[in-house]
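1. I'd like to go over a predicted model; first the sequence, then the structure.
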Amino acid sequence: MSDLFFTLLLLCDSALRLAAPLVLAALAGLYAERSGVVDIGLEGKMLGAAFAAAATAAVTGSPWLALLAGIMTSIGLALVHGFVAISQRGEQIVSGMAINIAVAGLAPTLANAWFHLNGQTPILEDGARFTSINLPFANALSDVPVLGPIYAEVISGHNLLTYLAVALVPLGAWGLFKTRFGLRLRAVGENPGAVDAAGISVHRLRYIAMTIAGILCGIAGTALSIGLSAGFVRDMTAGKGYLALAAVIFGRWYPVPTFLACLLFAFADALQGQLQGTPLPFVGEVPVQFIMMLPYIVTVVVLAGFVGKIDAPKASGIPFTRDR
Amino acid sequence: MYAIEALSISKRFGAVQANRDVTLQVAKGTIHGLVGENGAGKSTLMNMLYGFHAPDHGTIKVDGKEVSFKGPVEAIRKGLGMVHQHFMLVDTFTVIENIVLGFESDRRMAPTLASARDKLLKIEETYGLAVDLDALVADLPVGTLQRVEILKALYRGAETLILDEPTGVLTPQETAALFEVIKTLRGEGKTVLLITHKLGEIMGITDNVSVMRAGTITKTFKTSLTNENELAEEMVGRTIIREVNKELTEAHRRILRVDNLYAEDDTGKTRLNGVSFDVHGGEILGIAGVSGNGQSELLEIITGMRAPSGGSVIYTDLKVAKKNRAADAEKLRGNGMGHVAEDRHRFGMVGPMTAAENTILGYQGRESFYQGIFLDPGKVRAHCQSLMDDFDVRPPTPDLPLKNFSGGNQQKLVMAREMAQEPDLLIVGQPTRGVDIGAIAFIHSRLVEMRNKGRAILMVSSELEEIMTLSDRIIVLCDGRITGTGRPEDLTETDIGLMMAGRYEKEAS
């Protein structure tokens, strides 16, 4: 029993760690889509930021400069997407995909040119990374039954960006539903004409949303390369951007449900890590490839089976023109 | 004292002179009507008054002071409020959230909403505009949404309200309620500029009325000193005959039977709830109702664009549509069913294609247009030319893209195309939507002519006057059910209005 409890705690701990970039990217997607811009380029922004952060950390040794570089890179990509989608009224899916493909090629190429490590960045020292933080009293409290181990194993011991990701969920919800900015942002994703008629610039709001998405994806990418890992490797986002979009849909464009969806996907991911090489009851050992499919199967099943009617922001993906 | 003045303003968009030397003066505390055909320049004028566009020449004055707005917000700050034809509301927001949008008193919502609520309750009381501030906009009927828009304008401090075609989607009862509100506004010293194409409304409520034609205001009347005919003639610039000549037709065979039809729209919402009726040769069956009460789905099913979820459609003696099986639109056309689609631009024509090409759409397989296996452009053009002559389509140039024609001429050409095939049954949705007055009379007379020849016509219209003038029998749809039937001579507009609201059932033979 206590063994199972402990395994479960480890799973939750690992799920929370894996969830951090996912949560940040999902919040980015949520803000973008709430403003009426479809952002399939979350993946590319994250990957670009992951590379920029790892490269900066490798050169300067400072995780903070790395975070800044990640964020700036991601904002840059977000504004490219914004320019295409908002100002030029281009096809948003194409623009997002273009960013994904471009970054997937560009990042390893630059890494190879600068570091000559076969498309990777150097393995980082701990000082150049966001390493895990032990929360106060974690050791002291670990003897308290049930709650103690939860605090010590699951809640304590993550890196700063993970705590930031979790803190941004209520903050994001507050911003969206309790502020003037949030009201306008949601309106512009539903009926930009109404926002325009109220004398607010639709384009400006959408650019702000894209910038927010850029910042969030920047943190997500940084968390990936210098938080979870110690450097950049080719394609290290591995579809997390798309998974984040799925979480946004599953969470119906609300921050807290989206966060929970991210946790679900991350839990599946943690579970596949745990199950690799472990014989299962009744079926024995399952080939590792099947286990690795788990998070994606969960995604498909969840999206196909449990989402039901989708109430996306009505103006999402539609460029705004004043037709009069 | 004028609340708002446009003094000889002009506006050009590319090659189009949308407004030419327009002068409009609206006296403070009055209800001023603005009438004009589609394309007369009313919208351009309004957009300049409201700051969406700047005039090329001329000046705009508010309360006697010259203004030049850089955007709607400046107009709003000067006390102008606009209720757009298409409501500018966010469906997923509550009424109060919609009202404060863009005019929040605080960065946080809680204090914004609290102060707005106090202010709004006072406005509601003053003007008799009861609206539940916490209701979700998506759940409210259009009549209420209109009140929300007015409330919004008043909240933003409007002294002058511009209402653009406010009654287009309202039942007669809702219209009456709206006019009470407008009169209250005048009573409280507000100024109202009412844009409409319904002359009856102008006569009923305005103090003054200006007529716009071809980009300029041709005349301003004191309403009590004019009448509908004079206004109509001023609008088109010539005398028009607004009469139809219905001959007595004997009872003909049944052409169409709609039997206990059920349908759902694309979102799965039930739109038709057991609708049954027959259409016979030699009659026009008019279907009345506020838009969105199942008319579109009914037309789509009959013409083969949608499958019913229950019931059947029998055309001549063939069961053409039944549960989950749509009729074959092409076969229907081949068997003499013509269709003038409700949404002309989506289903009735292809704008970028030439007028000639548009006149064979749906009939492009007919041998008479071919030379061997190839379409013969000469034959197609000649076909179009004869239709244009017959229906007085202007300009009579078959090679012009159809989108360059006015709405009325587009509709005439579409109608000509369908009537040219001498159909046994003509399905017409909104025969005169977006059509100018001159063309309305023409289209009406052609429909009646066809009926007099013993053909059957099923007409859906949200214009009550049209339904009353043309129909031999009327069916009223509300919420997917038939809520009233009768002959026009046995029904008053009030009866139909109540039926349209689903609150009245009167069976007449």
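-> That came through, no problem. Numbers count the residues shown, from 1 in each chain, chains lettered A, B, ... in the order given.
2. Contacts only, for A:A247.
-> Contact criterion Cβ atoms under 8 Å, 6 or more residues apart in numbering or on different chains gives A:L22, A:A26, A:T258, A:A261, A:C262, A:F265 as the residues in contact with A:A247. Bear in mind the C-beta positions are built from the backbone N, C-alpha and C, glycine included.
3. what's the distance between B:T126 and B:L154?
-> B:T126 sits 9 Å away from B:L154, going by Cβ to Cβ, to the nearest Å.
4. Looking at the two now, which is surrounded by more residues?
-> Residue environment comparison for B:T126 versus B:L154 gives the larger neighbour count to B:L154, 23 against 12, counting by other Cβ atoms under 10 Å in any protein chain shown.
5. What strand or helix carries the more buried one?
-> When elements are defined using DSSP states H and E, B:L154 is found to belong to helix B:142-155.
6. Next, the buried residues of the host helix or strand of B:I482.
-> Secondary-structure assignment from DSSP H and E places B:I482 in strand B:481-486. If you call a residue buried by 16 or more other Cβ atoms under 10 Å in any protein chain shown, then strand B:481-486 has these buried ones: B:I482, B:T483, B:G484, B:T485, B:G486.
7. would TSV of these with pLDDT be doable?
-> Putting these into TSV (pLDDT from 0 to 100) gives the following:
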residue	pLDDT
B:I482	94
B:T483	92
B:G484	91
B:T485	92
B:G486	92
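8. Mind putting those residues into CSV with distance to chain A?
-> Rendered in CSV, the data for these read as follows (distance: Cβ to the nearest Cβ, whole Å):
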residue, distance to chain A
B:I482, 30
B:T483, 29
B:G484, 34
B:T485, 36
B:G486, 39
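9. For the strand holding B:I482, C-alpha coordinates in PDB please.
-> Listed in PDB are the C-alpha atoms of strand B:481-486, where the atom choice follows Å, rounded to 0.1, in the frame of the first residue of the first chain:
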ATOM      1  CA  ARG B 481     -44.200  25.400 -36.100                       C
ATOM      2  CA  ILE B 482     -47.000  26.700 -38.100                       C
ATOM      3  CA  THR B 483     -48.600  29.200 -35.800                       C
ATOM      4  CA  GLY B 484     -51.300  30.500 -38.100                       C
ATOM      5  CA  THR B 485     -52.700  30.200 -41.600                       C
ATOM      6  CA  GLY B 486     -55.300  32.200 -43.500                       C
END
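10. following the helix or strand hosting B:E297, which helix or strand comes up?
-> Following DSSP H and E, one finds B:E297 within helix B:295-302. Using DSSP H and E, the helix or strand that follows helix B:295-302 in sequence is strand B:310-315.
11. what about stretch A:188-200, near chain B?
-> Yes: residues of stretch A:188-200 are located near chain B by Cβ under 8 Å from any Cβ of the partner chain, namely A:E190, A:N191, A:G193, A:A194, A:V195, A:A197, A:A198, A:G199, A:I200.
12. and stretch A:120-133, average pLDDT?
-> Averaged across stretch A:120-133, the pLDDT comes to 89.
13. would you list every one of the strands in the stretch 151-300 of chain B?
-> B:160-164, B:191-195, B:208-213, B:216-222, B:254-264, B:270-280, B:284-288 (DSSP state E, counting those that start in this stretch).
14. from the chain's centre, how far out does the third one sit?
-> Okay, so that is strand B:208-213. Once both centres are worked out by Cα atoms, centre = their mean, to the nearest Å, strand B:208-213 turns out to sit 20 Å from its chain's centre.
15. In that strand, which residues are buried?
-> B:N208, B:V209, B:S210, B:V211, B:M212, B:R213.
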